[in-house]
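Colleague: Got a predicted structure here, sequence first:
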Amino acid sequence: MLHNRSGGCIRKRTMLAAAMGLTTLAAAAIQGSRRFAVVEDSMRPTLEPGDWVIARRHRGVPRRGAVVVFASPHNPQLLLIKRVIGLPGERITVANGQVHIDGSTLAETWASARTAPDSDNLVPDDAVWVLGDDRALSSADSRTIGPVPVDGVAWRVFAIYWPAGRAAAL
């Protein structure tokens with residue numbers, strides 16, 4: 001522990017998290033990034049309601065596993081945050097609770113629930129397939145809204161900066 005000028009104790013971890021948060025905010029301002037508040041449960045356990053994240057402007061096809069922000073196709077004022085699962089031209093099959101890409105089972109360390117319902121989907125050449133990490137609570141992902149156009153993926157999340165105890169790079 002460290003002591004502040006008034007004699008109180010400050011935990012090193014809190015100071016480190018605060019410094020990381022301030023550094024992330026400064027970098028975001030410089031690099032044209034944007035911050036977003038997480039308000040729903042669909043990305044648990046990776047992102048929790050109340051988390052604040054920093055995202056960078058994104059162009060091109062995001063990599064598999066990237067957490068991205070895009071406008072809902074049903075309500076362009078509503079921004080959604082999901083994980084990229086399928087890339088352009090891939091066949092995404094859901095069977096027996098597991099996701100398969102072109103016939104191979106996807107090793108999903110981030111998913112917190114089995115995936116349902118069973119389906120077979122071909123991702124168009126100009127789109128990606130996105131899912132929430134908590135499949136049971138994620139209703140506005142590619143299972144219901146379909147593939148997301150690559151040019152509609154505006155942001156890629158790279159860090160949680162608040163609350164300080166959850167600060168982490170993604």
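Modeller: Happy to help now that I have it.

Colleague: low pLDDT regions in this protein?
Modeller: Applying pLDDT under 70 to the chain flags the ranges 1-31.

Colleague: tell me the strands in this structure, going along the chain?
Modeller: According to DSSP state E, the chain carries its strands in the segments 2-3, 9-10, 34-37, 52-57, 67-71, 79-86, 91-95, 98-101, 104-105, 119-122, 127-131, 148-149, 153-162, 168-169.

Colleague: chain center to the longest one, what's the gap?
Modeller: Meaning strand 153-162. 7 Å (C-alpha atoms, centre = their mean, to the nearest Å).

Colleague: Please work out the angle formed by the directions of it and strand 127-131.
Modeller: In terms of direction (axes from the mean of the first three to the mean of the last three C-alpha atoms, to 10 degrees), strand 153-162 departs from strand 127-131 by 30 degrees.

Colleague: Tell me the helices and strands packed up against strand 153-162.
Modeller: In terms of contacts (3 or more C-beta pairs under 8 Å, 6 or more residues apart in numbering; DSSP states H and E), strand 153-162 is packed against helix 12-31, strand 34-37, strand 52-57, strand 67-71, strand 168-169. Quick note: C-beta positions are derived from backbone N, CA and C, even for glycine.

Colleague: Okay, buried residues for stretch 66-84 please.
Modeller: 66, 67, 68, 69, 70, 79, 80, 81, 82, 83, 84 (16 or more other C-beta atoms under 10 Å).

Colleague: ugh, typo on my part, it should be stretch 114-133
Modeller: Buried, per 16+ other C-beta under 10 Å, within stretch 114-133: 115, 121, 123, 127, 128, 129, 130, 131, 132, 133.
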